[in-house]
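Chemist: need coordinates for the below:
(one chain, ligands or ions: 1)
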Amino acid sequence: MADPESKQDSTQEPFPWQLGVFDAHCHPTDTFASLDHIPHMKAGALTIMASRGQDQDLVRQFAVKYRIEDENLASLCKQEDVNLPKCIVPAFGWHPWFSHQIFDDTNSVVSDIRKPDAMQHYMSVLTPTPDDHDFISSLPEPKPLSELLAHLRENLEEFPYALVGEIGIDRSFRLPMHWAYDKQANRDASLTPGGREGRQLSTYRVQVGHQRKVLQTQLNLAAKLKRPVSVHGVAAHGIVQETLEETWKGYERRIPSKRQSRQSSKAAGVPENGMASQPDNGKLKHQTTGTKPYPPRICLHSYSGPVDTLKRYLVPSIPATIYFSFSCLVNLSSRTDKAVAVIKAVPDDRILVESDLHSAGDKMDQLLEEVIRSVCKIKGWTLTAGVNQLAANWKRFVFG
Ligand SMILES: [Zn+2]
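Modeler: Alright, predicted model coming up:
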């Protein structure tokens, strides 16, 4: 895909929006009024993440408004040059920043489900254990995980192209402090409630074990419904990787050794220099063709891990297809050597771009253009080749 001969200063070229530009991860529903800008944007499609109680229905409403009607779209998308209509692809899920608002009732028998006392619940999932009663009483009534999963399933079943996201683990996030009485009255009403909105941060974090449980159950649901997922991982690359690996444990692809390949080729009468064996022609166990316990496609959004971790996601025995998405806001704001090394190391067909922005409109288009120009430069792609490659990658990630 690299085209070193045509390397040029891509910032001088007009940007080829007409080829189709797709945002793999964004949050315009955080700024409700900005959604009216979507039809006027240059980007072709936005993958809009839900994150908390307040935005699941907003994402749903906009998914209805920009619903992809063409039933053949998924197959059309497999042809690289098909232009998509302006649309949004919804993603439904519960972000780790809000995972403390959920209590785990998934192991309770139906007759035994009791809502825990809010105080007790928050004391058990937050760390350090909070002793500030005002802070705890400002937090919402916790919701049962089973209810969240049922709601998630309903939304996913309504939209056959919907993803699961944003889900994940964040070890560095701290909960915002409760609103001061005078400030809350003056908050910006155009913003969807529940976000930080400039509030000071408390010392409280959500226990990693709890975040992991909320992530695992959403991954399980994505696997059951065969949906791609968009995963957030901050200061948690190891634990995110372990949690994902658990989903395909026992389902790894068996990669035949060179000797085994030669033997099976001989047995099948294929000449030694013929086609290599397909890596997925054997599994360690569970040979059934039914539902797999892992999501088919996984996007590690605003991937900030090191090259070594990235390589561990690319071993051929992993049966899920892992994509890596990059944004100006997280990865390229200062164009660190680390981000450049990681982008260089991502295979051409596994890279996605995103704005990760909280409002739709010109700024979102601008961030997409910037990240694409940067990725093209780092990869040594022309803009045309890069935009086409990124469009094909997004279509494959979303539609399979
Ligand atoms: Zn996000």
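
Chemist: use CA for all of it now, contacts and neighbours both
Modeler: Will do.

Chemist: can you map out the strands along the stretch 51-200 of the chain?
Modeler: Along the stretch 51-200 of the chain, the stretches classed as strands by DSSP state E, counting those that start in this stretch are 87-92, 102-103, 126-127, 143-144, 163-170.

Chemist: closest to Thr29 out of those?
Modeler: Checking the strands of the stretch 51-200 of the chain against Thr29 by C-alpha to C-alpha gives strand 87-92 as the closest, at 10.8 Å.

Chemist: ok, back up a step: go through the strands of the stretch 51-200 of the chain and pick out the most buried.
Modeler: For these, the largest average neighbour count (mean count of other C-alpha atoms under 10 Å) is found in strand 163-170, namely a mean of 28.

Chemist: of all the strands of the stretch 51-200 of the chain, which one is nearest Cys299?
Modeler: strand 163-170 (9.6 Å).

Chemist: for the closest one, packing partners?
Modeler: Counting contacts by 3 or more C-alpha pairs under 8 Å, 6 or more residues apart in numbering; DSSP states H and E, strand 163-170 is packed against strand 87-92, helix 208-224, strand 229-234, helix 237-248.

Chemist: what's the most buried one of those?
Modeler: Of these, strand 87-92 is the most buried (mean count of other C-alpha under 10 Å), at a mean of 26.

Chemist: can you give the distance from that one to the centre of its chain?
Modeler: Mean C-alpha position of strand 87-92 versus that of the full chain (C-alpha atoms, centre = their mean, to the nearest Å) differs by 12 Å.

Chemist: list the neighbouring strands of that strand plus their orientation.
Modeler: Note on strand 87-92: by DSSP bridges, its sheet partners are strand 45-49 (parallel), strand 163-170 (parallel).

Chemist: not counting sequence-adjacent ones, nearest residue to Ser138?
Modeler: His178 (6.0 Å; C-alpha to C-alpha, 6 or more residues apart in numbering).

Chemist: how far away is that neighbour from Ser172?
Modeler: The gap separating His178 from Ser172 is 19 Å, by C-alpha to C-alpha, to the nearest Å.

Chemist: counting neighbours, go ahead and name the busier of those two.
Modeler: His178 (18 against 13; other C-alpha atoms under 10 Å).

Chemist: spatially central residue in the protein, please.
Modeler: For the chain, the residue nearest the mean C-alpha position is Ser230 (1.3 Å; C-alpha atoms, centre = their mean).

Chemist: right, and it touches Val164 too?
Modeler: Yes - at 6.5 Å, Ser230 counts as touching Val164 under the criterion of C-alpha atoms under 8 Å.

Chemist: where's the spatially closest residue to Leu58 that is not a sequence neighbour relative to Gln241, distance?
Modeler: Closest residue to Leu58 apart from its sequence neighbours, by C-alpha to C-alpha, 6+ apart: Thr29 at 6.5 Å. Separation of Thr29 from Gln241 (C-alpha to C-alpha): 29 Å.

Chemist: same check, this time on Asp337
Modeler: Where Gln241 is concerned, Asp337 sits at a distance of 23 Å (C-alpha to C-alpha).

Chemist: redo the strands paired with strand 87-92 as JSON lines? Include distance to Phe399.
Modeler: Below are those laid out as JSON lines (distance: least, C-alpha to C-alpha, whole Å):
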{"stretch": "strand 45-49", "distance to Phe399": "12"}
{"stretch": "strand 163-170", "distance to Phe399": "10"}
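
Chemist: distance to Gly194 and mean pLDDT added to those strands, as CSV?
Modeler: Shown next, in CSV, are the strands paired with strand 87-92 (distance: least, C-alpha to C-alpha, whole Å; pLDDT from 0 to 100):
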stretch, distance to Gly194, mean pLDDT
strand 45-49, 15, 94
strand 163-170, 15, 97
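
Chemist: of all those, which lies closest to Asn107?
Modeler: Among the strands paired with strand 87-92, strand 163-170 sits nearest to Asn107 (C-alpha to C-alpha), with 20.8 Å.

Chemist: distance between that closest one and the chain's centre?
Modeler: Computed by C-alpha atoms, centre = their mean, the chain-centroid distance of strand 163-170 equals 6 Å.

Chemist: so who does the closest residue to Thr217 other than its chain neighbours touch?
Modeler: Computed as C-alpha to C-alpha, 6+ apart, the closest residue to Thr217 that is not its neighbour in sequence is Leu149, at 7.9 Å. Going by C-alpha atoms under 8 Å, 6 or more residues apart in numbering, Leu149 touches Thr217, Gln218, Leu221.
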